[in-house]
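> Quick one, what's the 3D model for this:
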Amino acid sequence: IVSSRINEEDISTGRKVRHNKWGIGTIVQIKDSKDDKELVVAFDGVGLKRLLLSIAPIEIL
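Numbering: from 1, shown residues only. Purely as a prediction, here's the structure:
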């Protein structure tokens, strides 16, 4: 699943996401990053990961 299908309106802190490698996590911070959004996601057993919305292999749950 490619995140380019995710609308920016669908992302908010507290939302759950699923990553292909790291499993289910919670968005804890959203930052503007040039022409993209940087998500900070807390994954169980993995910790915090910074992901660019345009290329991250995630889906909103």
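> Now do the contacts for the residue minimising distance to the centre of the chain.
By Cα atoms, centre = their mean, the chain has its centre lying nearest to Leu39, at 5.0 Å. Leu39 sits next to Ile11, Val17, Ile27, Gln29, Ile30, Arg50, Leu51, Leu52, Leu53, Ala56, Ile58 when contact means Cβ atoms under 8 Å, 6 or more residues apart in numbering. In this view, the C-beta of every residue, glycine as well, is placed from N, C-alpha and C.
> Which pLDDT value goes with it?
Per-residue pLDDT puts Leu39 at 96.
> That one: which element?
strand 36-43 (DSSP states H and E).
> Could you point out the longest strand of the protein?
strand 23-33 (DSSP state E).
> pLDDT on that one, on average?
Averaging pLDDT along strand 23-33 yields 95.
> With stretch 48-61 instead?
93.
> Export only the CA atoms of that stretch, formatted as PDB.
Taking Å, rounded to 0.1, in the frame of the first residue of the first chain, the C-alpha atoms of stretch 48-61 are listed here in PDB:
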ATOM      1  CA  LEU A  48       9.600   6.300  17.000                       C
ATOM      2  CA  LYS A  49      10.100   6.500  13.300                       C
ATOM      3  CA  ARG A  50      10.100   9.600  11.000                       C
ATOM      4  CA  LEU A  51       8.300   9.000   7.700                       C
ATOM      5  CA  LEU A  52       7.600  11.200   4.700                       C
ATOM      6  CA  LEU A  53       3.900  10.900   3.800                       C
ATOM      7  CA  SER A  54       4.600  10.800   0.000                       C
ATOM      8  CA  ILE A  55       6.800   7.700   0.100                       C
ATOM      9  CA  ALA A  56       6.000   5.900   3.300                       C
ATOM     10  CA  PRO A  57       4.400   2.400   2.800                       C
ATOM     11  CA  ILE A  58       1.600   3.000   5.200                       C
ATOM     12  CA  GLU A  59      -2.200   2.900   5.400                       C
ATOM     13  CA  ILE A  60      -4.500   4.700   7.700                       C
ATOM     14  CA  LEU A  61      -6.500   2.400  10.000                       C
END
